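got a structure for you, letters missing:
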């Protein structure tokens, strides 16, 4: 099992400060550390509950930041998937940066509009 170190915890804090939910940030940081992982591995290492991992994986997949592949397993039960980053972590950070810059631009426009009216 891959453990989070101090640097990983700091990265999670930074991602949360950047606007990501904690479960998404923890899942993303874990996937950065490994080639690929099942949701159970993510739960254990990132110290999350199953529903938190499911929500995070759906969000990350929708953003195009991770890929999911089906693992064939014997018998019945829930399907098992392996997840991995779909692009380099650096590219994901660039997307987060661009989103934050767009928000800053929006806020500056609102402030400018308010100032011009008053």
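Structure's in. What do you need? Everything numeric in this text was worked out from a predicted model, so none of it was measured.

Every contact and neighbour count from this point should use C-alpha atoms.
Will do.

what's the model's confidence in stretch 43-63, averaged?
Averaging the model's pLDDT scores along stretch 43-63 yields 97.

What residues sit buried inside it?
For stretch 43-63, the neighbour count (16 or more other CA atoms under 10 Å) marks 43, 45-48, 52-54, 56-57, 60-61 as buried.

can you check stretch 23-35 too?
Under 16+ other CA under 10 Å, the buried positions of stretch 23-35 are 23-31, 33.

ok, which pair from those is furthest apart?
Spatial extent of these (CA to CA) is set by the pair 23 and 33 at 15.7 Å.

residue contacts, residue 33?
Residues near residue 33 by CA atoms under 8 Å, 6 or more residues apart in numbering: residue 2.

err, residue 12, not the other one
Contacts of residue 12 (CA under 8 Å, 6+ apart): 22, 25-26, 29.

and the longest helix along the chain, how far from the chain's centre?
Determined from DSSP state H, the single longest helix within the chain is helix 89-117. Here the centre of mass of C-alpha atoms in helix 89-117, compared against the chain's by CA atoms, centre = their mean, to the nearest Å, lies 20 Å away.

Offset the numbering so it begins at 32, please.
Sure, I'll start counting at 32 from here, so that last one is helix 120-148.

What residues sit buried inside that helix?
Neighbour counts using 16+ other CA under 10 Å place 120, 123, 127 of helix 120-148 among the buried residues.

now the helices: where do they sit in the protein?
Going by DSSP H, the chain shows helices at 37-48, 53-64, 70-77, 81-94, 120-148.

what's the closest of those to residue 113?
helix 70-77 (7.3 Å).

And for residue 100, the neighbour number?
By other CA atoms under 10 Å, 12 other residues sit near residue 100.

wait, it sits on residue 117?
No. With contact defined as CA atoms under 8 Å, residue 100 does not reach residue 117; the gap is 11.5 Å.

Would you check that residue 102 makes contact with residue 113?
Yes. The pair residue 102 / residue 113 is scored as a contact, 6.8 Å apart, by CA under 8 Å.

neighbour count winner among those two?
Between residue 102 and residue 113, counted using other CA under 10 Å, residue 113 has the larger neighbour count: 16 against 11.
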